[in-house]
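A.B. asks: just coords:
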């Protein structure tokens, strides 16, 4: 009790500026001893606290400014020295520098590639000068108790918007694009284009190269070509005024040429034609001009400056009220252009997201991969602290300030980062040609782009700072006296920190491995599911009006070639459904149930061509004249209708009575991850969109195609011969899922590789640091196996912990992901142990190399070095 | 106003330093003020007044010898500078000129 309160003393020491501390402490102490004599210990201690707290003021806390304001960080000679030391350090530990640079450069290369992709995705539609004022009109409707949102609206909407809303500056119709045949002289093409209004070119920024933008689309019989299409059709001659025959029916004149549509445009087309052309030439379109029940066009508009999009959206919302007696609930809203690409998903009438989750997901993964590489750098730098400790001690002893040491270590990490950056550029260079296969087609290394350079160098700088920050802070904090006395004990903090870093590296790697395996399994699961028909050797032709007209002759000629097994026409190809009817009824149907049923319309030979498998009954047959009122169900439809013995029973389509003659297995035509919906096949040869041709098995493919081509060309002179294989079209449904699986695989292997690189480096250090211990153990009789396990054990523990931590998180996330698919795998129990064993085995192998090497050292060599 | 303004407390400290003549430091001043002025003063007030006066150039300081009752810590001893002395004199003269103009001076001295 004869001493001042220790806590108060420590508190004082902590907050008072060092240059004031001595005098204040002394005064307080003196005052305390005075008080002790005059008022007693208890009061003196209280008084001491009171006085200490009195000093808690900015005046006493503020540290004294450095006496010399001269800043050696920017002095040339100091910088030269930092640089020289950094290079010497890199050269001294060649294998370590290599590990560091390789790991960092891989991380950087991938982070940069992902960054470039993200940049591209974000840039979508940004080239439009008025992008923030452009919107698409969306229609929200309530059908079958389902809230649907669609970009297709009725034609009168356009006239209403154009006439009655002063907020709108420009408005254009848009037919959502379709493929048309274009013929000029002997050159024929099938190209996708939009039918639009003249204001389309004013709303969007698609620069005109030739022709007058004001009048380009005013004449209904005009066409605007993109530069590359114009080149393909007319070569280098001036296309303006030339005539093109479209759809083998109408002659239209080229009025303008625009630049090619950039890859980051949501609207993709190769030509534009006036919407009025459709109105003039297609009776159906003309009649729809005043119809409020036929939604088939898109409407884009540009608001006047200063108009609030939400307010306008609310204003046009109720336009559809009471317009269609069959659909009571529907309304319009505006969908701003800046959301078109990344937020393309509507659920329950609300714009919920879409592509943007991939942008975020990959962004996060990219950052993680870079982080793993940075962690390596930090770990390896702090691990060799003992070797640098003496250097730090001497530097401090001769007067180096702490921040000078920080500058030195940051120079080292910056240099490493810069070397890694140069290596990463060459890695990117090597990878770029293969990115297309991964779905990143549009990434280019355009080094004339200054902002790209800026970003890339920024990433390099950031990596250097991030990777160097911890070592710099840690190494510069050594107290010189202790270091130079050799008393330096490796405290627990950096070791624990290093352990945490290793665990987090492997946590990320293991999570990515599990995720990629699950994605891969899910994709394969969907690919190998029974699809109900035989997609091999089946080709599809798009039906043109000429082909439909000459169908019977075509079929006869094709079968005559001897290469063809069967031919059929249908309302949709095997990989899509074009029709969805709601007005089916059957015995026992709940009248309130207005479920829609998929419909395929065809006539004879459909089952033979597609390889349909029947569970019961038969297909349409020419021998039965009653088949025109027959229907074939799929399993899902049978389940819905729920007839005991369906064959011969009837159901109704509107008023028409249909006899059920067969039941097929479920045919997977749409989403391969979804359940097959109820579907029926109707006998109707008039709605044809696809011609299906089955080639004979084991036929020479090119021979068969060579035989088909002249026949198709004969009946379809205006369209180039084009065909699709059904199995390839089916495979295309997996593009996105395949991409994800492949990317997850790449990220997983990359992260485990970089992590192991770090582990390798750490093991190397541990082995080096413990050389003497190992030698002594060896002399005392430890076997190589003992030593091997001793050195590897520590790391294996860490990886084990990472496994245990990663499992629940990943399982939870992947389960959530799987929930988004109707048709999905259950995660197998063996996946986790298998992943863990793999990760542990890889880690063990990495560490063992160093461990065994250390264990085999000849004791006499190391002990002699003292 | 070509001289530095001094607060009442600062003026007292400055005077005390001048009086102690080379033996002025934190605790000594604290006791001096508590005894002569009869009011409770905190050490931090003394220190900040000393700091401010030193910044104004009216005091200068040097380290003294460490003593055992201070736990081996050195004192900071303050002495008054020429500027400090001049300031004190000026203050005194200003006050004196007011006092001399006070009409019922004797009465005040009786009650005061």
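C.D. replies: Received the coordinates, thanks. Since the structure is predicted, the reported quantities are computational estimates derived from the model, not experimental observations. Residues are numbered from 1 along each chain as shown, chains lettered A, B, ... in the order given.

A.B. asks: Who are the contact partners of residue A:457?
C.D. replies: Counting by CB atoms under 8 Å, 6 or more residues apart in numbering or on different chains, residue A:457 makes contact with residue A:421. C-betas here are computed from N, CA, C, even on glycine.

A.B. asks: now do the one 10 residues further on
C.D. replies: When the contact criterion is CB under 8 Å, 6+ apart, the partners of residue A:467 are A:104, A:373, A:374, A:377, A:378, A:413, A:416, A:417.

A.B. asks: From those, which land in helices?
C.D. replies: A:104, A:373, A:374, A:377, A:378, A:413, A:416, A:417 (DSSP state H).

A.B. asks: ok, the residues you listed vs residue A:470, which is closest?
C.D. replies: Nearest to residue A:470 among the ones in helices among the contacts of residue A:467: residue A:378, at 4.6 Å, using CB to CB.

A.B. asks: still on that earlier bit, can you add neighbour count and distance to residue A:763 and give the contacts of residue A:467 back as CSV?
C.D. replies: Formatted as CSV, the contacts of residue A:467 follow (neighbours: other CB atoms under 10 Å in any protein chain shown; distance: CB to CB, whole Å):
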residue, neighbour count, distance to residue A:763
A:104, 30, 19
A:373, 34, 18
A:374, 27, 19
A:377, 29, 16
A:378, 23, 16
A:413, 26, 22
A:416, 24, 20
A:417, 29, 24
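
A.B. asks: and which of these is nearest to residue A:731?
C.D. replies: residue A:373 (35.1 Å).

A.B. asks: What residues does chain B have near chain A?
C.D. replies: Applying CB under 8 Å from any CB of the partner chain, we find that chain B lies next to chain A at B:25-27, B:30-31, B:42-45, B:47-48, B:51, B:66-67, B:69-71, B:73-76.

A.B. asks: Tell me which other helices or strands the strand or helix carrying residue A:231 touches.
C.D. replies: If you go by DSSP states H and E, residue A:231 is part of helix A:227-234. Counting contacts by 3 or more CB pairs under 8 Å, 6 or more residues apart in numbering or on different chains; DSSP states H and E, helix A:227-234 packs against strand A:178-184, strand A:187-196, strand A:250-258.

A.B. asks: got the contact list for residue A:115?
C.D. replies: A:363, A:366, A:455, A:459.

A.B. asks: Turn the residues you listed into JSON lines, columns for pLDDT and secondary structure.
C.D. replies: Shown next, in JSON lines, are these (pLDDT from 0 to 100; DSSP: H, G, I helix; E, B strand; the rest coil):
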{"residue": "A:363", "pLDDT": "85", "secondary structure": "helix"}
{"residue": "A:366", "pLDDT": "83", "secondary structure": "helix"}
{"residue": "A:455", "pLDDT": "76", "secondary structure": "helix"}
{"residue": "A:459", "pLDDT": "76", "secondary structure": "helix"}
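
A.B. asks: ok, of those residues, which come out buried?
C.D. replies: With burial judged by 16 or more other CB atoms under 10 Å in any protein chain shown, the buried subset of those is A:363, A:366, A:459.

A.B. asks: per-residue confidence at residue B:88?
C.D. replies: Residue B:88 is assigned 90 on the pLDDT scale.

A.B. asks: What strand or helix carries it?
C.D. replies: helix B:82-101.

A.B. asks: what does chain A put close to chain B?
C.D. replies: Counting by CB under 8 Å from any CB, chain A sits next to chain B at A:22-31, A:33-34, A:50-51, A:54-55, A:57, A:59-60.

A.B. asks: rerun that using 7 Å as the cut-off
C.D. replies: Listed as neighbours of chain B in chain A under the rule CB under 7 Å from any CB of the partner chain: A:22-31, A:33, A:51, A:54-55, A:57, A:59.

A.B. asks: got the contact list for residue A:228?
C.D. replies: Shown in contact with residue A:228 (CB atoms under 7 Å, 6 or more residues apart in numbering or on different chains): residue A:260.

A.B. asks: From residue A:190, how far off is it?
C.D. replies: 15 Å (CB to CB, to the nearest Å).

A.B. asks: now do residue A:304
C.D. replies: 39 Å.

A.B. asks: cool, residue A:273 as well?
C.D. replies: Counting by CB to CB, the gap from residue A:273 to residue A:190 is 15 Å.

A.B. asks: neighbour count winner among these two?
C.D. replies: Neighbour totals were compared for residue A:273 and residue A:190, and residue A:273 leads with 25 against 15 (other CB atoms under 10 Å in any protein chain shown).

A.B. asks: what comes into contact with the helix or strand containing that one?
C.D. replies: Assessed by DSSP H and E, residue A:273 sits inside strand A:271-274. Applying CB under 7 Å, 6+ apart, the external contacts of strand A:271-274 come out as A:191, A:193-196, A:200, A:217, A:220, A:222-226, A:229, A:252.

A.B. asks: most neighbours, which of those?
C.D. replies: Within the contacts of strand A:271-274, most neighbours by other CB under 10 Å means residue A:225, with 30 neighbours.

A.B. asks: any idea how far residue A:700 is from that one?
C.D. replies: Residue A:225 is 39 Å from residue A:700, by CB to CB.

A.B. asks: about what we covered before: now, which of the residues of chain A next to chain B sits nearest residue A:821?
C.D. replies: Using CB to CB, the residues of chain A next to chain B come closest to residue A:821 at residue A:57, 64.4 Å.

A.B. asks: The closest one - nearest residue in space that isn't next to it in sequence?
C.D. replies: What sits nearest to residue A:57 in space, not counting adjacent residues and going by CB to CB, 6 or more residues apart in numbering or on different chains, is residue B:44, at 6.7 Å.

A.B. asks: now the one you found: how far from residue A:236?
C.D. replies: For residue B:44, the distance to residue A:236 equals 89 Å [CB to CB].

A.B. asks: Give me the neighbour count for the residue in the stretch 551-700 of chain A that chain B sits nearest to.
C.D. replies: Proximity of the stretch 551-700 of chain A to chain B (CB to the nearest CB) peaks at residue A:673, 73.0 Å away. Residue neighbour count, defined by other CB under 10 Å, stands at 19 for residue A:673.

A.B. asks: Let's test this: mean pLDDT of stretch A:370-378, rounded?
C.D. replies: 79.

A.B. asks: chain center to it: distance?
C.D. replies: Computed by CA atoms, centre = their mean, to the nearest Å, the separation of stretch A:370-378 from the middle of its chain amounts to 23 Å.

A.B. asks: swap in stretch A:516-533?
C.D. replies: 20 Å.

A.B. asks: what's near enough to touch the closest residue to chain A within chain B?
C.D. replies: Closest contact between chain B and chain A, by CB to the nearest CB, is at residue B:73 (3.0 Å). Contact analysis of residue B:73 by CB under 7 Å, 6+ apart lists A:22, A:25, A:26, A:29, B:66.

A.B. asks: buried set for stretch A:139-153?
C.D. replies: Buried residues in stretch A:139-153, counting neighbours by 16+ other CB under 10 Å, are found at A:139, A:140, A:141, A:149, A:151, A:152, A:153.

A.B. asks: you'd agree the third one is up against residue A:333?
C.D. replies: No. Applying CB atoms under 7 Å, one finds residue A:141 not in contact with residue A:333, separated by 11.6 Å.

A.B. asks: So of the residues of chain A next to chain B, which two are at opposite extremes in space?
C.D. replies: By the measure CB to CB, A:33 and A:59 form the most distant pair in these, at 25.5 Å.

A.B. asks: Compare these two (neighbour count), which wins?
C.D. replies: Using other CB under 10 Å, the more surrounded residue of residue A:33 and residue A:59 is residue A:33, with 18 against 13.

A.B. asks: thought that one was touching residue B:68?
C.D. replies: No. With contact defined as CB under 7 Å, residue A:33 and residue B:68 do not form a contacting pair (9.4 Å).

A.B. asks: list the contacts for residue 52?
C.D. replies: Since no chain was named, I'll use chain A. A:8, A:11, A:12, A:28.

A.B. asks: right idea, wrong chain: chain B
C.D. replies: Residues near residue B:52 by CB under 7 Å, 6+ apart: residue B:10.
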